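*Asks:* here are the coordinates; sequence isn't available:
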């Protein structure tokens, strides 16, 4: 077994639709990867089994054994206890309302130590250490996807609070405003999250509002409005898609500005499925909306699109063994 | 001259209406104090002269010479450069739109080293080190007064960002909402700041809405709605006062919850002229409104009223010589 400081690390990004695994060298190079669909039924153990399989497949591709890895990091949704390796209340995963000792299960299955972090926190850390955030010491990661997640880096370290910091998607941008998938009202995610936007698009479609969003969805054989469907509809100047994305951009601008007014960070990194798909032009629009709400507006933070794309989560997870 | 670690420190809290000075021992005891009105005309030098006079008067009361102080800290509004001791853009002070080297001026006048910090940051630090925040390692100070200021303590240290962190009053709680004294829209301060509430009360009064607010004001010989006037009107169940304070409580609850969702701090300390005047019952109401918006609502932060009252700013300023 090579010494821990030169041995590669494993990283697993556990998402609601896919499990992304990667084998990463200590200097941040991905030497093997694999992807599997997240089970949509069963329970935590079924999900863990797919995670282990994906990691083993990535290790095969890198020609390393899983038990020779310096460690395996996991970025997980839900409430993550970094100390015990338990994950609870992962609403987007099957049968995962309670708590499951994911770290212990994976460590048994793969023969290497396992550490678990919040998915968005580790992805933010990846952008900070290896991606668009490298020039900065403090930044905010904003992951614009199914929900809107956030990660906070202050003075070079992840800021976790009591374990649940970074919920930028649930900052309130309109008191008493739109219903959020979290059950509350007026959260940024209620306007900008893919799930919330899709729910609103379905209601408007049912009310007879003209849109090609669902035609594009059917043509592509999907049953939900993926980021690429939104992109396509925007490119066709679909009125509903344009209106809902504009609304999302406004909410993101206001929520991000609120966070910047509170923390005065150097940079904002915009990632996530939609964030990366829509890329630079939309990051610029979010930046403009943000600027309207900045209290110290002569010195705005830099705004960048995340650089690490689909591997960001898994790379960030592997960094849990850098601390 | 006693050695620096036992010599008392001076502290000056520079506010829009008054200058509060205190002489504070290294263990946080106030041994002399003085208060003067902040000049309403002239320029920065006139303000600085009153500050020096207040500090000298406090030193007299403590029977110490100003040049024997270990240092004099100042909590100032406006944009404070802690490194150079310059203060700029202090909109609530006369003729202070530009920059003024306050630290150098006071140091010359008083014969002791001077350090300057943001007024709300130092008051938050005072609550953290000597007041209601002592049991915690991370907290948010919310100063509910003419404006709404904020201070952030993370892992035992003031978090200043690039120098302008803590502007919780300018977190956006209603996109496109009420006009804020800062010139933007929908900020928490646009609903909760005393100045914004007074402007709205005056508009409603002019529109014929029935209220005793201005009767109480005239009876007391004031020309603005002080915190005690709001308190009196609330105690009389004045409908307009009740409605505007309810609106402020909602905005404070939403904005504070946004900050907690982002930072997951252990505690929130509510200070400021109105915050301290209305005290515990209103802190509880803000806490209830906050709770509605907390993403992790089974583990809310503790909420306390600031303990140090009028001396908090000056005591916090003196702590600039503890770092």
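*Replies:* Received the coordinates, thanks. Because the structure is predicted, anything quoted here is derived from the model rather than measured.

*Asks:* max-length helix in chain A?
*Replies:* Across chain A, the longest stretch assigned as helix under DSSP state H is helix A:239-263.

*Asks:* and it, does that touch chain B?
*Replies:* Yes. Judged by C-beta under 8 Å from any C-beta of the partner chain, helix A:239-263 and chain B are in contact via A:250, A:251, A:254, A:255, A:257, A:258, A:259, A:261, A:262, A:263. C-beta here means a position set from N, CA and C on the backbone, and glycine is covered the same way.

*Asks:* how about the closest residue to chain B within the stretch 101-250 of chain A, what does it touch?
*Replies:* Here the residue of the stretch 101-250 of chain A nearest chain B is residue A:161; by C-beta to the nearest C-beta that distance is 2.5 Å. Residue A:161 is in contact with B:138, B:263, B:264, B:265, counting by C-beta atoms under 8 Å, 6 or more residues apart in numbering or on different chains.

*Asks:* just to be sure, it is in a helix?
*Replies:* No. Looking at residue A:161 with DSSP: H, G, I helix; E, B strand; the rest coil, it is coil, so not inside a helix.

*Asks:* dump the residue contacts of residue A:133.
*Replies:* By C-beta under 8 Å, 6+ apart, the residues touching residue A:133 are A:124, A:127, A:139, A:141, A:153, A:267, A:269, A:304.

*Asks:* phi and psi next, for it.
*Replies:* Per-residue torsions, residue A:133: phi -100, psi 0 (degrees, to the nearest 10).

*Asks:* what is the longest helix of chain A packed up against?
*Replies:* Other helices and strands packing on helix A:239-263, by 3 or more C-beta pairs under 8 Å, 6 or more residues apart in numbering or on different chains; DSSP states H and E, are strand A:139-144, strand A:148-154, helix A:189-192, helix A:194-206, helix A:227-235, helix A:273-293, strand B:148-154, helix B:239-263.

*Asks:* stretch A:285-300 near chain B anywhere?
*Replies:* Yes. For stretch A:285-300, a contact with chain B is found by C-beta under 8 Å from any C-beta, at A:292, A:293, A:295, A:296, A:299.

*Asks:* neighbour-wise, which one of these leads?
*Replies:* Using other C-beta atoms under 10 Å in any protein chain shown as the neighbour test, those are led by residue A:293, with 26 neighbours.

*Asks:* leaving out chain neighbours, which residue sits closest to it?
*Replies:* Excluding its sequence neighbours, the residue lying closest to residue A:293 (C-beta to C-beta, 6 or more residues apart in numbering or on different chains) is residue A:257, at 3.4 Å.

*Asks:* do the same with residue A:54
*Replies:* That would be residue A:21: by C-beta to C-beta, 6+ apart, it lies 3.9 Å from residue A:54.

*Asks:* who are the contact partners of the one you found?
*Replies:* A:10-13, A:33-36, A:51, A:54-55, A:57-58, A:314.

*Asks:* which element is encountered next along the chain beyond the least confident helix or strand in chain A by mean pLDDT?
*Replies:* When each helix and strand of chain A is scored by mean pLDDT, DSSP states H and E, strand A:79-81 comes last, with a mean of 90. Using DSSP states H and E, the helix or strand that directly follows strand A:79-81 along the chain is strand A:86-88.

*Asks:* and that next one, anywhere near chain B?
*Replies:* No. With C-beta under 8 Å from any C-beta as the criterion, chain B is not reached by strand A:86-88; the gap is at least 11.3 Å.

*Asks:* what sits up against that strand?
*Replies:* Strand A:86-88 is contacted by residues A:44, A:76, A:78-81, A:96, A:98-103, A:116 when judged by C-beta under 8 Å, 6+ apart.

*Asks:* 6 Å - rerun?
*Replies:* A:76, A:78, A:79, A:80, A:99, A:100, A:101, A:102 (C-beta atoms under 6 Å, 6 or more residues apart in numbering or on different chains).

*Asks:* give me the PyMOL select line for these, limited to the buried ones.
*Replies:* Those of the contacts of strand A:86-88 that count as buried under 16 or more other C-beta atoms under 10 Å in any protein chain shown are selected in PyMOL with:
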select buried, chain A and resi 76+78+79+80+99+100+101+102
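
*Asks:* I figured residue A:186 hits residue A:171, correct?
*Replies:* No. Shown here, residue A:186 and residue A:171 do not form a contact pair, counting by C-beta atoms under 6 Å, at 9.4 Å.

*Asks:* more neighbours, the two?
*Replies:* The residue with more neighbours, out of residue A:186 and residue A:171, is residue A:171; 32 against 25, by other C-beta under 10 Å.

*Asks:* quick check, pLDDT for the more buried one.
*Replies:* Here the pLDDT value assigned to residue A:171 is 98.

*Asks:* returning to what we had before: any idea how far the longest helix of chain A is from the chain center?
*Replies:* Counting by C-alpha atoms, centre = their mean, to the nearest Å, helix A:239-263 is centred 17 Å from the centre of its parent chain.

*Asks:* and what of stretch A:178-198?
*Replies:* Here the centre of stretch A:178-198 is set off from its chain's centre by 16 Å, with C-alpha atoms, centre = their mean.

*Asks:* any idea of the mean pLDDT in it?
*Replies:* Mean predicted lDDT for stretch A:178-198 stands at 97.

*Asks:* SS state for residue A:115?
*Replies:* On the three-state scheme (three-state DSSP), residue A:115 is labelled strand.

*Asks:* just give the nearest non-adjacent residue to residue A:284, would you?
*Replies:* What sits nearest to residue A:284 in space, not counting adjacent residues and going by C-beta to C-beta, 6+ apart, is residue A:303, at 7.6 Å.

*Asks:* the one you found - that's part of a helix, no?
*Replies:* No. Looking at residue A:303 with three-state DSSP, it is strand, so not inside a helix.

*Asks:* what's near enough to touch it?
*Replies:* Shown in contact with residue A:303 (C-beta under 6 Å, 6+ apart): A:268, A:283, A:287.

*Asks:* can you list the residues of stretch A:285-300 next to chain B in CSV and add pLDDT?
*Replies:* Putting the residues of stretch A:285-300 next to chain B into CSV (pLDDT from 0 to 100) gives the following:
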residue, pLDDT
A:292, 97
A:293, 98
A:295, 95
A:296, 92
A:299, 94
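
*Asks:* could you check the pLDDT of residue A:134?
*Replies:* Looking at residue A:134, its pLDDT stands at 97.

*Asks:* what's the closest non-adjacent residue to it?
*Replies:* Residue nearest to residue A:134 in three dimensions, not counting chain neighbours: residue A:128, with 7.2 Å by C-beta to C-beta, 6+ apart.

*Asks:* chain B contacts on the stretch 151-300 of chain A?
*Replies:* Neighbours of chain B within the stretch 151-300 of chain A, by C-beta under 6 Å from any C-beta of the partner chain: A:161-162, A:164-165, A:167-168, A:170-175, A:184, A:250, A:254, A:258-259, A:261-264, A:293, A:295-296.
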